[in-house]
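[1] Show me how the following folds:
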Amino acid sequence: MTLERVVRPAGPYTLALCAKHASDATRQVRDGTLTTTLRVGERVEVATARQTLDGRLMLRAESEEGFERMRFVLAFDADHTEFLRRFARDPLIGETASRFQGMRQLRLATVAQTLLRAFCGQLIDSRRARQLERIIVRAVEPRVDGTDLHAPPTSNSLARFAPARLRQLGLHASRAAALVRICRSTDLEKLHALSTEQAAAFIERQRGLGPWSAGVVCLEGLGRHERGLVGDLSLVKLMSRLRGRWVEAHETAELLAPYGEWGGLAGLYLVTGFAHGLIPLPEERPARFPRPAYT
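    The predicted structure follows:
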């Protein structure tokens, strides 16, 4: 049975902007429609979303619980009007906020997938990182009938894999061991019950993880805007251009600090603005970009 629902997002919302880089092993965007697999209790469901010309979202799901999961994944209730208003004249993101005002961070269906994404994302090549994530999800979870998509991984499904098998799939040995250890000892969905600071502190206490990984889990797994991606390579490059020297990964916290509780969303707008040439930058570039270490 398929249920349909029409909703109007709270505040500016453009699905095409939110879902621009959303495709992975569990979801895909084709002809303006986002199709995703969801965890609803013990079941795996398939849901879709598309946006009409008047801004409304046309949702399809297999249950009422599926609609609630889509509400979280799509973040269409997470009104960021206050963010846009407060930083409309910000010298770094003001122009981006004006041009991309409907952009929000989509969330993943499980926290476990964000942890996997954090470990894979420690590769410098983002394309290779996403490819590695797809390979592992496809190996860990079955394909959902009638689709080319796989179920979102859980703590239990990742815990069943031996670190050696994940190493064979391409994940570094130490990261594979850490991922399996965390998943075997923790139900990652319980992080939803913690404050952002508590959840971030838990991630940062784990071997091989740090502020950047905590930002990934908080932003994409828990839907918290307070934590940005400190140490993100794009932010390192942007801040280095602004400072005229190569900066260390931890220094990017200073770049996000002025945005306070909106630091995670501000990071998204900073990276987008940087990529589209919307941030005023000095003409002189730092001599080189050494390879930073993601954690």
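[2] Enumerate every residue touching the most centrally placed residue in the chain.
    Compute the mean C-alpha point of the chain, and by Cα atoms, centre = their mean the closest residue is E220, 3.6 Å away. By Cβ atoms under 8 Å, 6 or more residues apart in numbering, E220 lies in contact with 105-108, 114, 117. Where C-beta positions appear, they are placed from N, C-alpha and C, glycine not excepted.
[3] In strands only, show me those residues.
    Counting by DSSP state E, no part of those is found in strands.
[4] Any quick PyMOL command for the buried ones out of the residues you listed?
    Provided next is the PyMOL selection string for whichever of these are buried by 16 or more other Cβ atoms under 10 Å:
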select buried, resi 105+106+107+108+114+117
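[5] the helices in this structure, which residues?
    In the chain, helices defined by DSSP state H lie at 15-18, 64-74, 81-86, 94-99, 111-120, 126-140, 155-159, 163-169, 173-185, 196-205, 211-216, 233-243, 252-256, 263-275, listed in chain order.
[6] can you redo those helices as CSV with mean pLDDT and distance to T33?
    Supplementary listing: those in CSV, determined by pLDDT from 0 to 100; distance: least, Cβ to Cβ, whole Å:
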stretch, mean pLDDT, distance to T33
helix 15-18, 97, 9
helix 64-74, 96, 12
helix 81-86, 98, 26
helix 94-99, 98, 24
helix 111-120, 97, 21
helix 126-140, 95, 20
helix 155-159, 97, 27
helix 163-169, 97, 30
helix 173-185, 97, 32
helix 196-205, 97, 32
helix 211-216, 97, 26
helix 233-243, 95, 28
helix 252-256, 97, 33
helix 263-275, 98, 22
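[7] List just the one of those helices that sits closest to E4.
    For the helices of the chain, the distance to E4 is smallest for helix 64-74, at 9.7 Å, taking Cβ to Cβ.
[8] other SSEs contacting that closest one?
    With contacts defined as 3 or more Cβ pairs under 8 Å, 6 or more residues apart in numbering; DSSP states H and E, the packing partners of helix 64-74 are strand 3-7, strand 33-40, strand 43-51, strand 57-61.
[9] Report the angle between the second one and strand 43-51.
    What that stands for is strand 33-40. 150 degrees (axes from the mean of the first three to the mean of the last three Cα atoms, to 10 degrees).
[10] looking at the helices and strands packed on helix 64-74, which is buried most?
    When you average the neighbours per residue for each of the helices and strands packed on helix 64-74 (mean count of other Cβ atoms under 10 Å), strand 33-40 leads with a mean of 22.
[11] who does that one pair up with?
    Based on DSSP bridges, the pairing partners of strand 33-40 within the sheet are strand 27-30 (antiparallel), strand 43-51 (antiparallel).
[12] what's in contact with it?
    Applying Cβ under 8 Å, 6+ apart, the contact partners of strand 33-40 are 15, 19, 22, 26-29, 44-50, 61-63, 65-66, 69-70, 73-74, 109-110, 144, 147, 149-152, 154.
[13] For that strand, C-alpha coordinates in PDB please.
    Presented in PDB, the C-alpha positions along strand 33-40 are these (Å, rounded to 0.1, in the frame of the first residue of the first chain):
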ATOM      1  CA  THR A  33      12.200  13.000  -7.600                       C
ATOM      2  CA  LEU A  34      14.100  11.800  -4.500                       C
ATOM      3  CA  THR A  35      13.600   8.100  -3.800                       C
ATOM      4  CA  THR A  36      15.000   6.800  -0.500                       C
ATOM      5  CA  THR A  37      14.900   3.700   1.600                       C
ATOM      6  CA  LEU A  38      13.900   4.100   5.300                       C
ATOM      7  CA  ARG A  39      14.200   2.200   8.500                       C
ATOM      8  CA  VAL A  40      10.700   2.000  10.200                       C
END
